[in-house]
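# sequence first, then the predicted structure, then my questions.
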Amino acid sequence: MTRWWVVILTGATAFGLKYLGHLVPARWLANERLRRINEYVPVALLSALVVAEGLVDKTRVVIDHRAIGLGVAAVALLARAPFFVVVILAALASAIAVHLG
Amino acid sequence: MPLHRPTLRVASSVAVTVGTYGVAFGAAGVAAGFSVWQTCLLSLIAFTGASQFAAVSVIGAGGSALSAVAAASLLGVRNALYGVQMAPRLGVSGWRRVLAAQLTIDESTGVALGQEGEGRHAVVQGFWLTGGGVYLFWNLATLAGASGAHLLGDPARWGLDAAVPAAFLALVWRRFADRRLIGVALAAMGFCALISPVVPAGLNIVATTLVAVVAGWVER
């Protein structure tokens, strides 16, 4: 049941936010601070998700097979690999670490 | 109006590459305990990748529904800002506005604004072609990933549990052309690692919004 709520509420708020944007006059958002915060929020959240998904197990910070995958992903990104390649390489490295470990 | 060829090329390449990434979302949704049907509904209704990944990630990590929806919604706020940018350029109302709103995401807005130099028609076409194309491929790919996930067994065996954070890293990496954003990202990562042991699962993600608010507020 929890998951149904997540599906319904995530869907509703996602669409609601998009639609709201189309109704708001552009001049309401001229404020420089608001504009900056809006630019930073997705960056902060995505960064938090990298850590929460890649380096945290329940509530502990751990370095395991996922960290190896993340490291490989970072190297691939530095080498300007395309999105899909980055994800596949990370998965591959992590899977190998699981099998060896 | 005639179809603007260069715009079509950009739109279709973005639609296919980003869309197919929905396979990873489909698999992640099922791995987090969502049914195939629930996972597909998320892609059909929410249709905003990072938010969808965040929602299933929080639930998969044992977080509450509230944390999951909050994380997803905070990530979705930027779509509202994109809507503010796109509305005057598209000039639509009624059901077309509903459709335009649903297709308002990173990619459609990015391609549309990237066509500014090509004229108004190219902007409008860039938006609809990219939005529509990503919608099609994203949903087909979600279905493929979600229905194929049971064939995989334990997600860790295939590195799927590392693929999701790697995807987030790739998503945030795109914004690193701006050095200030690298600073925000590093601060957010540090903050998240620091608070993870002391806050409930899922809240460690949402709470990181604080870093963005503080950074955006104090910067001059």
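That came in fine, so what should we check first?

# which non-adjacent residue is nearest A:V41?
B:A212 (4.3 Å; C-beta to C-beta, 6 or more residues apart in numbering or on different chains). No exception for glycine: its C-beta is placed from N, CA and C like everyone else's.

# who's in contact with the one you found?
A:37, A:40-41, A:43-45, B:184, B:188 (C-beta atoms under 8 Å, 6 or more residues apart in numbering or on different chains).

# one more: B:T142?
Going by C-beta under 8 Å, 6+ apart, the list of residues near B:T142 reads B:22-23, B:25-26, B:29, B:39-40, B:42-43.

# before we move on, the earlier item: return the closest of the contacts of B:A212 with respect to A:V24.
A:I37 (16.2 Å; C-beta to C-beta).

# tell me where chain A has helices.
A:2-23, A:32-54, A:65-78, A:83-100 (DSSP state H).

# I'd like to know which of these is closest to B:R5.
Smallest distance to B:R5 across the helices of chain A (C-beta to C-beta): 24.6 Å, for helix A:83-100.

# if you count neighbours, what's buried in that closest one?
Buried residues in helix A:83-100, counted by 16 or more other C-beta atoms under 10 Å in any protein chain shown: A:83-84, A:86-95, A:97-98.

# not counting sequence-adjacent ones, nearest residue to A:G11?
B:I45 (3.2 Å).

# just give me the neighbour total for that neighbour.
17 (other C-beta atoms under 10 Å in any protein chain shown).

# what's the burial count for the nearest residue to B:A32 once chain neighbours are set aside?
With sequence-adjacent residues excluded and distances taken as C-beta to C-beta, 6+ apart, B:A32 is closest to B:G60, at 3.2 Å. By other C-beta under 10 Å, the residues close to B:G60 number 20.

# try the one 5 residues further on
For B:A65, the neighbour count with other C-beta under 10 Å is 21.

# go on, the one 10 residues further on?
Other residues within reach of B:L75 by the criterion other C-beta under 10 Å amount to 28.

# surely it is in contact with A:S47?
No: B:L75 is beyond contact range of A:S47, at 11.8 Å (criterion: C-beta atoms under 8 Å).

# quick check: which element contains the residue nearest to A:V41?
helix B:209-218 (DSSP states H and E).

# so how far is that helix off the chain centroid?
Relative to its parent chain, helix B:209-218 has a centroid offset of 21 Å by C-alpha atoms, centre = their mean, to the nearest Å.

# residues contacting the residue nearest to B:A32?
Contact partners of B:G60, counting by C-beta under 8 Å, 6+ apart, are B:28, B:31-33.

# name the residue of chain B that lies nearest to chain A.
B:G83 (2.2 Å; C-beta to the nearest C-beta).

# so what secondary structure elements neighbour the strand or helix carrying that residue?
For B:G83, the host element (DSSP H and E) is helix B:65-90. Where contact means 3 or more C-beta pairs under 8 Å, 6 or more residues apart in numbering or on different chains; DSSP states H and E, helix B:65-90 is packed against helix A:2-23, helix A:32-54, helix B:49-60, helix B:95-102, helix B:106-114, helix B:120-148, helix B:203-206.

# quick revisit: OK, contacts around the residue of chain B closest to chain A?
B:G83 sits next to A:17-24, B:101, B:104 when contact means C-beta under 8 Å, 6+ apart.

# if we ignore the residues flanking it in sequence, what's nearest it?
Take B:G83 and drop its neighbours on the chain: the residue closest to it by C-beta to C-beta, 6+ apart is A:G21, 2.2 Å away.

# burial measure for that neighbour, as a count.
Neighbour tally, A:G21, other C-beta under 10 Å: 23.

# right, and it touches B:R78 too?
No: contact between A:G21 and B:R78 fails when scored by C-beta under 8 Å: they sit 9.2 Å apart.

# and A:L29, what's its pLDDT?
Model confidence at A:L29, given as pLDDT, is 69.

# give me the distance from stretch B:111-120 to the chain's centre.
Offset of stretch B:111-120 from its chain centre (C-alpha atoms, centre = their mean): 22 Å.

# flag every buried residue along that stretch.
Those would be B:111-112, B:114-115, for stretch B:111-120 by 16+ other C-beta under 10 Å.

# and chain A, which of these reach it?
Among those, no residue is within reach of chain A (C-beta under 8 Å from any C-beta of the partner chain).
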